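>>> 3D, please:
(2 chains)
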Amino acid sequence: MSDAEAPAPPAGLAPAERLAWHAARGEVAYTVDAGGVPVWPPQVGLDWRLSAGRGRIYTMTVMRPRGGEPRNLALIDLDEGLRIMSRVEGGPAAIGDAVSARFDDGVLVFVPA
Amino acid sequence: MTTLAIVGAAESDMGEVGPGLTPADLMRQATLRALDDAGLALSDVDGLFAATSQLPQSHLSLGEALGILPQVRWLDGTHLGGASALVHLEHAQAAIAAGLCEVAVIAYASTQRSAGRSTARSGVEIPSWEAPYTPMLPIALYAMAAARHMAQYGTTAEDLARVAVSGRRWAMDNPKAWSRDPLTVEDVLAAPRLCDPFGVRDCCLVTDAGGALVVTSAERARTLRREPVHLLGAASMASHRSVSGLQGHITVTGATQTGPAALQEAGLRHGDVDAVQLYDAFTITPLLYLEDIGFCAKGEAGAFVASGATLPGGSLPMNTNGGGLSYQHPGMYGMQLLNEAVRRLRETDDHVVLGHGMNGPLASHATVVLGDASTR
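Okay, here's the model as predicted:
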């Protein structure tokens, strides 16, 4: 579905609601400007596109909250030309590695491609 | 247009002031001290500039605490986080040059340590597309900048640690510094890990502190008792607000714009700068600014600090009060670094000091170049 027009969601959704609507369908969505250039974070009044869900790890850290389990946090450069926050699951990964999107309990995550 | 002079400077009580005092109390305290330093009175002040993390309308809180709001002709609450106080200098220069006010106070304070983190949140909004990942902010953003810098340029954890060690070396000589115990690279690396590659010693302090500057035209400054410190150059920029808005290089900051622009306005080159105060919320940030302002090539700041250049006796003394890592860090550090720049110009052989402040997720930047009387 890369770069295709997204299927019509209910009218009047706020960007956060629209994003959640797509996520519930296992879709990675984003807004684009009049020239088709990705705009992130998503904004009202723009067209939406779907990402193919492939990209690379731009950077990554492991957060170690006091008294909690360590958690991974990553910024993913999607092939369509935008960078989103996520986390990397499913084994060792490093900055620059290719990854692909998965939904884990409704949350967008990335695994080594 | 650079006709702005800093004629008074002071800090409030610092460290842990106790739960009863508010940021407005500390701003009033610092302002009265700065006015005393300048030989001016509250009745002389007709401009106010303030932006803090705890008071949503800081400029009004400051004015009320000082009891002078009705006489104030120019109020500015521009909030660019830790760059705010530097941006306020730039704005005060414009306002005074335009005749909108004549004597302005720029103030800041935080009681972050006494109030506790939960009541002194710095207003980080987490959008729904970031919330599922529960980012520990701001540390995680800076940790990701450090991780990328390490992957891209070969910077090491030791390089980061040397920034903390350099700051501590300065703090050891500063009775006002919060952390003064000797600190080694090994100590920094062995400290509890918080957010890879950072441990506790890679992260700034959480203390109470505040400060104020009294500024006016260079012309008016000539009638006052202290030798003024001149604003020779200033530049600021903003590129985003949230982590998601950071779509450019995480290792190349807006300092690439503001640093050279401020130096150009001052008509100075890097070699003319005697010392730098570079906002060190985390050990990565001074490395980014040394590179981006242009004191060394991109990717080489680790080696630059390892050479000893930033230490006492080095070629470019950096964060000479101990910085946010060892001196004080009251939520936002811009006012403290400006006070240190002024102190260096008054009390040491320095003629030119460069300061750099930043905001939030590497989102906005401000550089100022300050000079003593010999530079005008």
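
>>> quick one: pLDDT of A:Ala8?
Note for A:Ala8: predicted pLDDT of 83.

>>> nearest residue to A:Arg71 other than its sequence neighbours?
Using Cβ to Cβ, 6 or more residues apart in numbering or on different chains and skipping the chain neighbours, the partner closest in space to A:Arg71 is A:Met63 (4.9 Å). Placement of C-beta: from N, CA and C, glycine included.

>>> got the residues of the stretch 101-250 of chain B near chain A?
Contacts of the stretch 101-250 of chain B with chain A, taken as Cβ under 8 Å from any Cβ of the partner chain, map to B:127-130, B:132-136, B:139-140, B:143-145, B:147-148, B:151, B:193-197, B:242-247, B:250.

>>> among those, which lie within helices?
Using DSSP state H, the members of those that fall within helices are B:139-140, B:143-145, B:147-148, B:151.

>>> list only buried entries from those residues.
For these, a burial check counting by 16 or more other Cβ atoms under 10 Å in any protein chain shown picks out B:139-140, B:143-145, B:147-148, B:151.

>>> now the two most distant members of those.
The two members of these with the most space between them (Cβ to Cβ) are B:Ile139 and B:Ala151, at 18.4 Å.

>>> which SS class is the nearest residue to A:Gly90 once chain neighbours are set aside?
Leaving aside its sequence neighbours, A:Gly90 sits nearest to A:Val111 (Cβ to Cβ, 6+ apart; 3.8 Å). Per DSSP: H, G, I helix; E, B strand; the rest coil, the local secondary structure of A:Val111 is strand.

>>> go ahead and confirm A:Val111 touches A:Glu89.
Yes: in this structure, A:Val111 is within contact of A:Glu89 by Cβ atoms under 8 Å, at 5.6 Å.

>>> helix/strand/coil for A:Ala16?
Applying three-state DSSP: A:Ala16 is helix.

>>> what number of residues lie near the residue nearest to it when sequence neighbours are not counted?
The shortest distance from A:Ala16 to any non-neighbouring residue, by Cβ to Cβ, 6+ apart, is to B:Ser128 (4.3 Å). Close neighbours of B:Ser128, defined as other Cβ atoms under 10 Å in any protein chain shown, add up to 13.

>>> ok, B:Pro56 next?
By the criterion of other Cβ under 10 Å, B:Pro56 has 12 neighbours.

>>> now B:Glu102
As a burial measure, B:Glu102 scores 18 neighbours (other Cβ under 10 Å).

>>> test my guess that it contacts B:Thr216.
Yes: counting by Cβ under 8 Å, B:Thr216 is a contact partner of B:Glu102 at 6.1 Å.

>>> quick check: nearest residue in space to the residue in the stretch 201-350 of chain B positioned nearest to chain A, chain neighbours excluded?
Here the stretch 201-350 of chain B gets closest to chain A at one residue, B:Ser244, 4.4 Å apart by Cβ to the nearest Cβ. Sequence neighbours aside, A:Pro41 is the residue nearest to B:Ser244 in space, at 4.4 Å (criterion: Cβ to Cβ, 6+ apart).

>>> OK, contacts around that neighbour?
Neighbouring residues of A:Pro41 by Cβ atoms under 8 Å, 6 or more residues apart in numbering or on different chains: A:15, B:127, B:129, B:242, B:244-245.

>>> what about 7 Å?
When contacts are counted by Cβ atoms under 7 Å, 6 or more residues apart in numbering or on different chains, A:Pro41 touches B:127, B:129, B:242, B:244-245.

>>> in a markdown table, list these along with distance to B:Gln71.
As requested, those are exported to a markdown table (distance: Cβ to Cβ, whole Å):
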| residue | distance to B:Gln71 |
| --- | --- |
| B:Pro127 | 41 |
| B:Trp129 | 47 |
| B:Ser242 | 39 |
| B:Ser244 | 43 |
| B:Gly245 | 39 |
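
>>> ranges for the strands of chain A?
A:28-32, A:38-39, A:47-51, A:54-63, A:71-78, A:82-86, A:98-104, A:107-112 (DSSP state E).

>>> most tightly packed of these?
strand A:82-86 (a mean of 24; mean count of other Cβ atoms under 10 Å in any protein chain shown).

>>> that one pairs with which strands?
strand A:71-78 (antiparallel) (DSSP bridges).

>>> do you know how far the closest residue to A:Val109 other than its chain neighbours is from chain B?
Leaving aside its chain neighbours, A:Val109 sits nearest to A:Glu89 (4.9 Å; criterion: Cβ to Cβ, 6+ apart). To chain B, A:Glu89 is 11 Å away according to Cβ to the nearest Cβ, to the nearest Å.

>>> do I have it right that A:Glu89 meets A:Asp105?
No: between A:Glu89 and A:Asp105 there is no contact under Cβ atoms under 7 Å: 11.1 Å.

>>> which intervals of chain A have sub-threshold pLDDT?
Within chain A, the stretches with pLDDT under 70 are A:1-7.

>>> I am finished for the moment; much appreciated.
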